[in-house]
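Q: here is the input, now give the coordinates:
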Amino acid sequence: MLQIAFIRENQEKVIKALAKRNIDAKSVVEEVVQLDENRRAAQVELDNTLSESNKLSKDIGELMKAGEKAKAAILKEKTVSLKEKSKELSEKAEALAVELTNKLYTLPNLPADIVPEGKSADDNLNVFQEGDIPVLHEGAQPHWELVKKYDIIDFELGVKITGAGFPVYKGKGARLQRALINYFLDKNTAAGYNEVQVPHLVNEASGYGTGQLPDKEGQMYHAGLDDLYLIPTAEVPVTNLFRDVILNESELPVLQTAYTPCFRREAGSYGAHVRGLNRLHQFDKVEIVRIEHPDNSYAALDGMVEHVKNILQELKLPYRILRLCGGDMGFTSALTYDFEVFSTAQDRWLEISSVSNFETFQANRLKLRFKDKDGKNQLAHTLNGSSLALPRVLAGIIENYQTPEGIVIPEVLRPYCGFDIIN
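A: Take a look at the predicted model:
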């Protein structure tokens, strides 16, 4: 959530920045500023009324001590009127504060200066590419055919049990999935990230804290009886570990990693581009989350990008990195880099990671602060990244490592799998 003080003092800057997201925010910004002025005016009037009431109460006490009961009675009538007025003003100020907060929730984060202009994924900037695209043998197949051939993932069984988008992993497919999870976690912990295991359901406050609510409410599975949400990413529970927390500056940075299943409704998704593992309603992902001093967050973002690059280099998968344009960025992000692996069998790039800096956007919602050297509370910066999302990494491995003899396991994963080939 954007800070109201910043919006109030930088209206034109906010409007111009949000234009990079292709949003005409002029009317909303003006409404937000007006709501804030009304709220502050109501609060000032309330404070003055309470101050006057307190003064009268003291005067009444003095008059009673002096035996001037008649004068005291007149003042008591005034205090009754002031109490009624203060109650009305308190309710008005609170209602305006709620209306202001709800309006602020509708404004996305401001893009960083280096975010490119653009309206869609077609306008994203390719900033890095590495790895040779393998030449596959004649008759090579996409992963949804290969998993049938080797009986390692069963999409039909998932439909039987739950519905489309909930695959069943079997035999060496399940072991490869587990190997990837363990490998990712080991890489993250070796890089200094503290592993945590977190709940897979979160409350509404957690959803609002990291910005999934109200923006992505339609994409989240909701357990209505308990008013809980299945997590779309470990980012939500991991970052919310620090909701309403004030850290000491010496405790920064905080580095966390977690494996969780993730759940996304993906309503309206259909067609060849979402076939097989390309888009699922339930999938596994290993996440990294950082809480940083504002002065260090962009250096930390660069470090996270290098960390994911190292993993893909070890897996020997061809990949590229895109800096997302304003029109394709997530609601909460100030700057996002997407990683994509090339699926040779599908002849297309598949997104497998997003690494983002949210600056103070999430921290403001979370009330996540740190005490600086002067003893003042400052909002921290939050960052997160997929390290990595499994379905499309698995699809890339299955397709790019296929041979006439079977699917060769990347060398770095063989100690985790306990086998060299799926045949």
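Q: got any ranges where the stretch 251-400 of the chain has weak pLDDT?
A: 267-273 (pLDDT under 70).
Q: would you map the helices across it?
A: For the stretch 251-400 of the chain, the helices defined by DSSP state H, counting those that start in this stretch occupy 297-315, 361-366, 390-400.
Q: show me the strands in the stretch 1-150 of the chain, by range?
A: In the stretch 1-150 of the chain, the segments counted as strands under DSSP state E, counting those that start in this stretch are 125-130.
Q: could I get the full set of helices for it?
A: 4-9, 11-19, 26-65, 69-104, 143-149.
Q: quick one: closest of the ones you listed to Ala395.
A: Among the helices of the stretch 1-150 of the chain, helix 143-149 comes nearest to Ala395, with 4.5 Å by Cβ to Cβ. For every residue, glycine as well, the C-beta is placed using N, CA and C.
Q: CA atoms only: put that closest one into CSV for me.
A: Extracted in CSV, the C-alpha atoms of helix 143-149 (Å, rounded to 0.1, in the frame of the first residue of the first chain):
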residue,chain,number,x,y,z
HIS,A,143,6.0,-33.5,-21.7
TRP,A,144,2.3,-34.5,-21.5
GLU,A,145,3.0,-37.3,-24.0
LEU,A,146,6.3,-38.3,-22.3
VAL,A,147,4.7,-38.6,-18.8
LYS,A,148,2.2,-41.0,-20.3
LYS,A,149,4.8,-43.0,-22.1
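Q: how about that helix: buried residues?
A: His143, Trp144, Leu146, Val147 (16 or more other Cβ atoms under 10 Å).
Q: same question, stretch 155-167
A: Phe155, Gly158, Gly165, Phe166, Pro167.
Q: how far away is the third one from Arg275?
A: If I follow you right, that is Gly165. 11 Å (Cβ to Cβ, to the nearest Å).
Q: and if you look at the last one?
A: Applying Cβ to Cβ, the value for Pro167 to Arg275 is 12 Å.
Q: repeat that for the first one.
A: Counting by Cβ to Cβ, the gap between Phe155 and Arg275 amounts to 9 Å.
Q: and what of Asp347?
A: 14 Å.
Q: and these two? Which one has more around it.
A: Arg275 (15 against 9; other Cβ atoms under 10 Å).
Q: is it true that the more buried one touches His143?
A: No: checked against Cβ atoms under 8 Å, the pair Arg275 and His143 is beyond contact range at 9.1 Å.
Q: redo the helices of the stretch 251-400 of the chain as JSON lines? Include distance to Gly327.
A: Listed next are these as JSON lines, based on distance: least, Cβ to Cβ, whole Å:
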{"stretch": "helix 297-315", "distance to Gly327": "20"}
{"stretch": "helix 361-366", "distance to Gly327": "18"}
{"stretch": "helix 390-400", "distance to Gly327": "22"}
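Q: mind putting those into TSV with distance to Glu37 and mean neighbour count?
A: Shown next, in TSV, are those (distance: least, Cβ to Cβ, whole Å; neighbours: other Cβ atoms under 10 Å):
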stretch	distance to Glu37	mean neighbour count
helix 297-315	32	18
helix 361-366	20	25
helix 390-400	48	26
